[in-house]
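Visitor: coordinates only, sequence not included:
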Ligand code: KIV
Ligand code: ZN
């Protein structure tokens, strides 16, 4: 059957665009971006404060870790819809349903490839069998939960008539959201907008589902494609914080949301996002994953609101509208204010955390307050950003198998650097003196000769938290062992101490992974 224009359908009248965040699923698929359960929960809680409508918490069948994090997020959060991804197989859908069991509001997202290329080479299936499988998987999911999303993978390269048949079939089988992915980031805005317009016009039951889009950024067009789709009737955008995701990433949440907010004249839509939480979300994700954003990145880059040239500064002083299309405050970028010092007490510290948007447990508070006190002994002025680094640093700690007792260094322009390191490893004190090609090399070599393993350093990045020579350095380290990568972060006024602690933080996570792996191997008798 050829699809004709659907006479009853019109462009969606609602002006609300739902924000579906997939940082914890597609975002986590970025190489080196894997997060542990505690980190995922922190991100999910922040996404809840950010006001996202749906959180795709993971791909429940992909691993036990994914299952546990979907479950934990489902059990803990009570605002957004929690979603789990599944292929079309019943066992995938069962696993998602199980992980989502206690979610207050839940969604199963199931997908199947529909493009000629994917059907022929990846699925090795005939189109008619694919269509049957779409209907079967959606009906099966709909028997488990009320809210089912279906995606035709590689949708933007799918034959239009076949896409219409699959979408119509999925809706008949019970899908409540139809999500059209530009899986390989191939589409051009006009073309992608027309594809959405075509579905709106031709699929007879399209009004029974919300149309969603999921764009990848291989050509740098993910945000533009998502906006073009919204203009044609899509009412859900799938996106990630900082645009992380497979390959070049996904539509960046902060960019698409701020475009909608800033250009109401051309985009008369609304989202539920509390845009003031954007900067905090972006920083937390960077701290956890070790993926810092490029300085000129829109909305959340360090230079996004900086005005360097004299002409621009002069204009800004006369009227901020001359060079600023949105205020830094609207994305939660407040001037880092001088907050506290040596004499600030626990109570003041707690209220400051609250003001910065952190709700921390008593244990976490005690720990952060102790580190704040240590910092105020070393640094006279403590700014908001110092406090944020302190708290984010604490979040990253996981397990105390290895602890740094002390570190001293001899280094400079002459000769190799010498590191003297004392660690506690599983309650034993271990010490080493070691030379290296510079202080970082000496420290990392020293730690890895005490804590042996097959791991390699993949990333080492340093960021100054505030201005000034006494600024804290925030160090991110990524280690990889047998294909599994972990990140560690730490902040300290001494860059080398931060480097050592970040390295140890990553090692502690590796040890957890090793223990889990050997537990699983024991269970399966390997
Ligand atoms: O990019 C893609 O096609 C996806 C689907 C699973 C929605 O991530
Ligand atoms: Zn994707």
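Guide: Here it is on my side, so go on. Just so it is clear, the model here is predicted, and its values are computed rather than measured. Ligands and ions are numbered 1, 2, ... in the order given.

Visitor: Got the confidence number for the residue in the stretch 401-526 of the chain that ligand 1 sits nearest to?
Guide: Going by Cβ to the nearest ligand atom, ligand 1 is nearest to residue 485 of the stretch 401-526 of the chain, at 20.5 Å. Where you see a C-beta, it was placed from the backbone N, CA and C, and this is true even at glycine. Listed pLDDT for residue 485 reads 78.

Visitor: Same question for residue 385.
Guide: 78.

Visitor: so it makes contact with residue 468?
Guide: No. Using Cβ atoms under 8 Å, residue 385 makes no contact with residue 468, being 11.3 Å away.

Visitor: For residue 252, name its beta-bridge partners.
Guide: Beta bridges link residue 252 to residue 240, judged by DSSP bridges.

Visitor: Run a quick neighbour tally on it.
Guide: 27 (other Cβ atoms under 10 Å).

Visitor: returning to that earlier point: of residue 385 and residue 468, give the one with the bigger neighbour count.
Guide: Set side by side, residue 385 and residue 468 show more neighbours around residue 385, with 21 against 12, by other Cβ under 10 Å.

Visitor: quick one, what contacts the residue nearest to residue 159 when sequence neighbours are not counted?
Guide: Nearest residue to residue 159 in three dimensions, chain neighbours excluded: residue 116, at 6.6 Å (Cβ to Cβ, 6 or more residues apart in numbering). With contact taken as Cβ atoms under 8 Å, 6 or more residues apart in numbering, residue 116 is in contact with 157-159.

Visitor: Now do the helix or strand where the residue of the stretch 401-526 of the chain closest to ligand 1 lies: everything it contacts.
Guide: Element membership of residue 485 [criterion: DSSP states H and E] is strand 484-492. Identification of contacts with strand 484-492 by Cβ under 8 Å, 6+ apart yields 31-32, 34, 36, 287-290, 389-390, 392-393, 396, 458-459, 465, 472-480, 497-510, 513.

Visitor: If we go by neighbour counts, what in it is buried?
Guide: Going by neighbour count (16 or more other Cβ atoms under 10 Å), the buried part of strand 484-492 is 485-492.

Visitor: can you map out the helices along the stretch 301-450 of the chain?
Guide: Listed in chain order, the helices of the stretch 301-450 of the chain (DSSP state H, counting those that start in this stretch) span 310-318, 346-355, 362-378, 384-396, 439-450.

Visitor: Please identify the deepest-packed of the ones you listed.
Guide: A comparison of the helices of the stretch 301-450 of the chain by mean neighbour count, using mean count of other Cβ atoms under 10 Å, puts helix 384-396 on top with a mean of 23.

Visitor: mind listing what residue 162 touches?
Guide: Applying Cβ under 8 Å, 6+ apart, the residues near residue 162 are 114, 127, 131.

Visitor: tell me the contacts of the first one?
Guide: When you say that, I think you mean residue 114. So residue 114 contacts 127, 130, 134, 152-155, 158, 162-163, 166 (Cβ under 8 Å, 6+ apart).

Visitor: The second one too?
Guide: Residues touching residue 127, when contacts are defined by Cβ under 8 Å, 6+ apart, comprise 114, 119, 162.

Visitor: let's go with 10 Å and repeat that
Guide: 114, 116, 119-120, 158-159, 162, 165-166 (Cβ atoms under 10 Å, 6 or more residues apart in numbering).

Visitor: just the last one next, same as before
Guide: Listed by Cβ under 10 Å, 6+ apart, the contact set of residue 131 reads 112, 114, 125, 162, 165-166, 168-170.

Visitor: restrict those to contacts with ligand 1.
Guide: Residues of these in contact with ligand 1 (Cβ under 6 Å from any ligand atom): none.

Visitor: residues in the protein within reach of ligand 1, list them.
Guide: Proximity of the chain to ligand 1 is confined to 26, 111, 151, 153, 181, 183, 214, 216 under the rule Cβ under 6 Å from any ligand atom.

Visitor: Tell me which two in these are the farthest apart.
Guide: 111 and 216 (14.0 Å; Cβ to Cβ).
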